[in-house]
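> need a 3D model of the following:
(one chain, ligands or ions: 1)
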Amino acid sequence: MSKTEQNCDGGKLIIISGPSGVGKSTVVKQLIQQCELPLELSVSATTRPRRADDQAGVNYHFLTDEEFQRRAANGEFLEYVEVFGRGYWYGTLKDQVSTGLNSGKWIILEIDIEGAAKVLKLYPEALTIFIHPGNLEQLQRRLEHRGTETPDSLARRLEVAKQELAAASNYQNIVINKTVEQAVETICQLLLKSKNHPSGDNTECTTN
Ligand code: 5GP
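Residues are numbered from 1 along each chain as shown. Predicted coordinates:
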């Protein structure tokens, strides 16, 4: 196979980041339902408390601190981060990713910028997408409207959001979440495009 050809039948890793409250989960859920690709969300593990609308095993695997640390020590995470510096851990489980990729799935990691940087060292060919709120005021309104945060955790999330927005330019693609429909359509189109041009350059796919 020449340097400008690549077999594209295998799985693909997609990293989606964006500040808390930007609407990542909603966009990703609809993307998986609507985009005609074998997309699958990697369900992360976390020690944060469950919210009323969280489903265990669907949104996250909710673990105790002890269980999370045990799995970390056991090398079960691809990456793990204490996302808001408030004692709650989030981590990508290795077997979620490898099982999916080995069966030809396009695995979506919905993770923070620090976790994304760690994954990129292991999977430099991953496609990266940053979902942007447009501006910080819009993000604040969304988080307040969601009603899931105490004033303290809201302030903390907005502080982290500032750092995350500053990192957006490190991503291959930035998608502004004006409406969920538009964001889903934009992301689906760029994924479909990457199917034929896997490295974002003019590398062509070959078939066996
Ligand atoms: P939330 O508590 O609102 O569900 O998520 C908070 C943040 O944690 C989100 O921005 C999300 O991207 C990030 N996150 C969720 N799962 C993981 C993970 O497995 N690893 C990392 N590094 N971040 C995660």
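> who in the protein is up against the ligand?
Counting by CB under 6 Å from any ligand atom, the chain comes close to the ligand at 20, 44, 48, 79, 81, 83, 90-92, 110-112, 114-115. Yep, even glycine has a C-beta here, placed from its N, CA and C like the rest.
> ok, Q182 to I176 distance?
8 Å (CB to CB, to the nearest Å).
> returning to what we had before: let's see the PyMOL selection covering just the buried ones among the residues of the chain next to the ligand.
Applied in PyMOL, the following selects the buried portion of these according to 16 or more other CB atoms under 10 Å:
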select buried, resi 20+44+48+79+81+83+90+91+92+110+111+112+114+115
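> closest to N135 out of the residues of the chain next to the ligand?
Of all the residues of the chain next to the ligand, S20 has the smallest distance to N135: 15.2 Å, by CB to CB.
> thinking again about what came up before, in helices, which of the residues of the chain next to the ligand appear?
Using DSSP state H, 114-115 are the members of the residues of the chain next to the ligand that sit in helices.
> can you show me the strands along the protein?
When assigned using DSSP state E, the strands of the chain occupy the ranges 5-7, 12-17, 39-41, 45-46, 61-62, 77-81, 90-93, 106-110, 127-132, 173-176, 204-206.
> given the fourth one, what are its sheet partners and their directions?
When pairing is defined by DSSP bridges, strand 45-46 lines up against strand 61-62 (parallel), strand 90-93 (antiparallel).
> next one: the first one to chain centre, how far?
Relative to the centre of its chain, strand 61-62 is centred 16 Å away, using CA atoms, centre = their mean, to the nearest Å.
> circling back: just put the strands of the chain in TSV and tack on mean pLDDT.
Compiled in TSV, those are given as follows (pLDDT from 0 to 100):
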stretch	mean pLDDT
strand 5-7	43
strand 12-17	97
strand 39-41	97
strand 45-46	98
strand 61-62	98
strand 77-81	98
strand 90-93	98
strand 106-110	98
strand 127-132	97
strand 173-176	96
strand 204-206	49
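> what is the neighbour count of V160?
V160 has 19 neighbours, counted by other CB atoms under 10 Å.
> make that F84, sorry
16.
> ok, now which ones touch it?
The contact partners of F84, by CB atoms under 8 Å, 6 or more residues apart in numbering, come to 20, 153, 156-157, 160.
> now swap in G91 and tell me
G91 makes contacts with 44-46, 68, 71-72, 77-81, 115, as judged by CB under 8 Å, 6+ apart.
> what's the most distant pair in those?
Longest span within these, CB to CB: R71 and G115, 15.3 Å.
> and the closest residue to the ligand within the chain, how far is that from Q34?
For the chain, the residue closest to the ligand is G115, as judged by CB to the nearest ligand atom, at 2.3 Å. To Q34, G115 is 26 Å away according to CB to CB.
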